[in-house]
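With the input below, show me the fold.
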Amino acid sequence: DDDGLDDGDEVLEWGTDPLDADTDDDGLDDGDEVLEWGTDPLDTDTDDGSVDDGTEVLVNHTDPLDPSDDVIQEDTGDGDDTGDTGPDNPPLTGVYRGGACGGCASGGAGGHSWILVLLAATALLRRRW
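As a prediction, the model looks like this:
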């Protein structure tokens, strides 16, 4: 599956699927989880902080082994999943577990709107390449 782990080790040592590069479907290949990040390739959220490992590493750039830095957005209750945390709608800004972040006292983007602009620009540039 080209995930960087030997197939034998996947079966005998890690318990991962040698035919699936991302056994837990969190967005990180099994090899990256074991060899680079130290996360559990069988657990989508190694630190149990409510944000999956892939979102922490690839989107939020937080430590997948530290639950205190997981960004949590509360469900808006409007039924459209906007503001909900999940693999199809990862959090970008919001309320941290330990309390409101600076500029996010109301739970909204507040002083962090530049992050949204940066992420949108990055997404557009990636589509062109």
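
only C-alpha atoms for contact and neighbour calcs from this point on.
Fine.

could you pull out the strands for the chain?
71-72, 95-96, 99-100 (DSSP state E).

tell me the mean pLDDT over the first one?
Model confidence over strand 71-72 averages 68 on the pLDDT scale.

Identify the residues contacting Asp24.
Pro41, Leu42, Asp43, Thr44 (C-alpha atoms under 8 Å, 6 or more residues apart in numbering).

In those, which residue is surrounded by the most others?
Among the contacts of Asp24, the one with the most neighbours (other C-alpha atoms under 10 Å) is Pro41, at 27 neighbours.

Where does pLDDT dip in this structure?
Within the chain, the stretches with pLDDT under 70 are 72-114, 127-129.

hang on, the earlier thing: list just the nearest of the contacts of Asp24 to Gly15.
Gly15 lies nearest to Leu42 out of these, by C-alpha to C-alpha, at 7.8 Å.

which helices and strands sit right next to the lengthiest helix in the chain?
Assignment by DSSP state H gives helix 113-128 as the longest helix of the chain. Helix 113-128 makes packing contacts with no helix or strand when contacts are defined by 3 or more C-alpha pairs under 8 Å, 6 or more residues apart in numbering; DSSP states H and E.

And Gly49, how far from Gly27?
If you measure Gly49 against Gly27 using C-alpha to C-alpha, to the nearest Å, the figure is 16 Å.

if I look at Asp52, how far off is Asp66?
Distance from Asp52 to Asp66, by C-alpha to C-alpha: 12 Å.

Tell me which of those two has more neighbours.
Asp52 (24 against 13).

ok, the residue nearest to Asp2 when sequence neighbours are not counted to Asp29 distance?
Sequence neighbours aside, Ala21 is the residue nearest to Asp2 in space, at 6.6 Å (criterion: C-alpha to C-alpha, 6 or more residues apart in numbering). Ala21 sits 5 Å away from Asp29, going by C-alpha to C-alpha.
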